[in-house]
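Enquirer: Predicted model, plus sequence, below.
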Amino acid sequence: MPINRNEFEHNIWLLSAVKINVTRESVKVMQGLREAKFAPNKRVNLHTVSESARLMANSIFSLMINQEENNAK
């Protein structure tokens, strides 16, 4: 889970850059990302990001951290 807004925005940007296999659920996630709005200062408006996109972004970030820890061993 992200601790602050910067970490959340980082996870959302990671999600937008990752290749995702197309499934019914991933289509919902990508639609949620497309519908997200930006504030005038180019930051993500947190209220417009769908719950499925939030969960996927946090999951991908957690998986990346776990992979890095396993590779370090």
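Expert: Perfect, I can see it now.

Enquirer: any idea which helix or strand comes after the least confident helix or strand in the chain by mean pLDDT?
Expert: When each helix and strand of the chain is scored by mean pLDDT, DSSP states H and E, helix 24-34 comes last, with a mean of 79. Proceeding C-terminally, helix 24-34 gives way to helix 51-72 as the next helix or strand, assigned by DSSP states H and E.

Enquirer: Tell me the gap between that following helix and the middle of its chain.
Expert: Distance, stretch centre to chain centre, for helix 51-72: 9 Å (Cα atoms, centre = their mean, to the nearest Å).

Enquirer: ok, and what's touching that helix?
Expert: 1-2, 8, 10-12, 14-15, 18, 20, 25-26, 28-29, 32-33, 36 (Cβ atoms under 8 Å, 6 or more residues apart in numbering). Yep, even glycine has a C-beta here, placed from its N, CA and C like the rest.

Enquirer: what angle sits between it and helix 24-34?
Expert: Per axes from the mean of the first three to the mean of the last three Cα atoms, to 10 degrees, the angle that helix 51-72 makes with helix 24-34 is 100 degrees.

Enquirer: how about the least confident helix or strand of the chain: buried residues?
Expert: By neighbour count on 16 or more other Cβ atoms under 10 Å, the buried set for helix 24-34 is 29-30, 32-33.

Enquirer: Quick one: distance of that helix to the chain centre.
Expert: For helix 24-34, the distance to the chain centre is 11 Å (Cα atoms, centre = their mean).

Enquirer: Once you drop chain neighbours, what's closest to residue 15?
Expert: Taking Cβ to Cβ, 6 or more residues apart in numbering, and ignoring the residues beside it in sequence, residue 15 has residue 57 as its nearest neighbour in space, at 4.1 Å.

Enquirer: What count of nearby residues applies to that neighbour?
Expert: 25 (other Cβ atoms under 10 Å).

Enquirer: repeat for the one 10 residues further on
Expert: Taking other Cβ under 10 Å as the neighbour definition, residue 67 ends up with a count of 10.
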